[in-house]
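[1] got a sequence here, can you model it:
(chains A and B)
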Amino acid sequence: DTEVTQTPKHLVMGMTNKKSLKCEQHMGHRAMYWYKQKAKKPPELMFVYSYEKLSINESVPSRFSPECPNSSLLNLHLHALQPEDSALYLCASSQGLAGIEQFFGPGTRLTVL
Amino acid sequence: SQQGEEDPQALSIQEGENATMNCSYKTSINNLQWYRQNSGRGLVHLILIRSNEREKHSGRLRVTLDTSKKSSSLLITASRAADTASYFCATVNTGGFKTIFGAGTRLFVKA
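    The predicted model follows:
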């Protein structure tokens, strides 16, 4: 299984809602990533988990809260988001810890009203 | 902050033609990667070139790296309509895990 899955595919939420994005991989990869991508822009790194521990937080606002329950799962908890947080959220994983050959999920299209 | 800058921003060619995209970066790197993204989808890893390599081939892809100029190019030969996508270069800072993507080139291949 060489796939990274993400749920949901689409999410619409209000600024007072709490929601979670989920990501799963069964390739035994040791690193997992969250990216944010605005339209016609490149992905921007948000968080990196290495061996289930948070290793990089790119100064992301606290309304985004990552969680890695186990080596196959990665969650992104969302609370009190702003309309400007609307974007495509991509999850990725890699075997090594140096960001090489990342496998990406299809993303969650998030709209904040 | 974006490290890689790519040109052109958009490229439109006919099927069968070659497509060349360029990427520049600012810091020292161990390797440089190229990814493809179909509209609104996840990225797919295409090829990696290490800092001690100057050229690498994979099928219809040819990548070059010039560390003295901090630049790389991706050549797609004999393009197909299915190659229509956005192409991004990506670097990881030396000694770190932070991946930075270039601005990307949007390639349109007309059948």
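[2] contact residues of chain A facing chain B?
    Within chain A, the positions lying close to chain B (C-beta under 8 Å from any C-beta of the partner chain) are A:4, A:31, A:33, A:40-45, A:48, A:50, A:55-56, A:58, A:88, A:90, A:92, A:97-107, A:109. From N, CA and C alone the C-beta is placed, and that goes for glycine too.
[3] repeat the analysis, applying 10 Å as the threshold.
    A:3-4, A:6, A:31, A:33, A:35, A:37, A:39-45, A:48, A:50, A:55-56, A:58, A:88, A:90-92, A:94, A:96-107, A:109 (C-beta under 10 Å from any C-beta of the partner chain).
[4] touching, residue A:16 and residue A:63? I think so.
    No: counting by C-beta atoms under 10 Å, residue A:16 stays clear of residue A:63, with 11.4 Å between them.
[5] these two: who's more crowded?
    residue A:63 (14 against 8; other C-beta atoms under 10 Å in any protein chain shown).
[6] separation between the closest residue to that one other than its chain neighbours and chain B?
    Sequence neighbours aside, residue A:80 is the residue nearest to residue A:63 in space, at 5.0 Å (criterion: C-beta to C-beta, 6 or more residues apart in numbering or on different chains). For residue A:80, the distance to chain B equals 26 Å [C-beta to the nearest C-beta, to the nearest Å].
[7] residue ranges with poor pLDDT in chain A?
    For chain A, the stretches with pLDDT under 70 are A:1.
[8] how about the strands in it?
    Secondary structure of chain A (DSSP state E): strands located at A:4-7, A:10-13, A:18-25, A:31-37, A:44-50, A:53-57, A:64-70, A:73-79, A:87-94, A:103-104, A:108-112.
[9] present those strands as CSV; the columns should include mean neighbour count.
    CSV is the format used below for the strands of chain A (neighbours: other C-beta atoms under 10 Å in any protein chain shown):
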stretch, mean neighbour count
strand A:4-7, 18
strand A:10-13, 14
strand A:18-25, 19
strand A:31-37, 24
strand A:44-50, 21
strand A:53-57, 13
strand A:64-70, 15
strand A:73-79, 18
strand A:87-94, 24
strand A:103-104, 22
strand A:108-112, 18
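[10] mind listing what residue A:79 touches?
    For residue A:79, the contact set (C-beta atoms under 10 Å, 6 or more residues apart in numbering or on different chains) comprises A:13, A:15-20, A:62-65.
[11] that should have said residue A:47, apologies.
    A:32-35, A:54-58, A:60, A:64-68, A:74, A:76, A:91.
[12] so it bridges to which residues?
    residue A:34, residue A:57 (DSSP bridges).
[13] so how far is residue B:73 from it?
    Look at residue A:47 and residue B:73: by C-beta to C-beta, to the nearest Å, they are 31 Å apart.
[14] wait, residue A:107 sits on residue B:42?
    Yes: using C-beta under 10 Å, residue A:107 makes contact with residue B:42 at a distance of 5.7 Å.
[15] mind listing the shared neighbours of those two?
    Residues within reach of residue A:107 and of residue B:42 at once, by C-beta under 10 Å, 6+ apart, are A:4, A:6, A:35, A:37, A:43, A:88, A:90-91.
[16] so which pair among those is furthest apart in space?
    A:4 and A:37 (14.9 Å; C-beta to C-beta).
[17] surely residue A:31 is in contact with residue A:91?
    No: checked against C-beta under 10 Å, the pair residue A:31 and residue A:91 is beyond contact range at 11.5 Å.
[18] got a list of what the most centrally placed residue in chain A touches?
    For chain A, the residue nearest the mean C-alpha position is residue A:34 (3.1 Å; C-alpha atoms, centre = their mean). Taking C-beta under 10 Å, 6+ apart, we find residue A:34 in contact with A:21, A:23, A:43-49, A:56-58, A:60, A:64, A:66, A:74-76, A:89-92.
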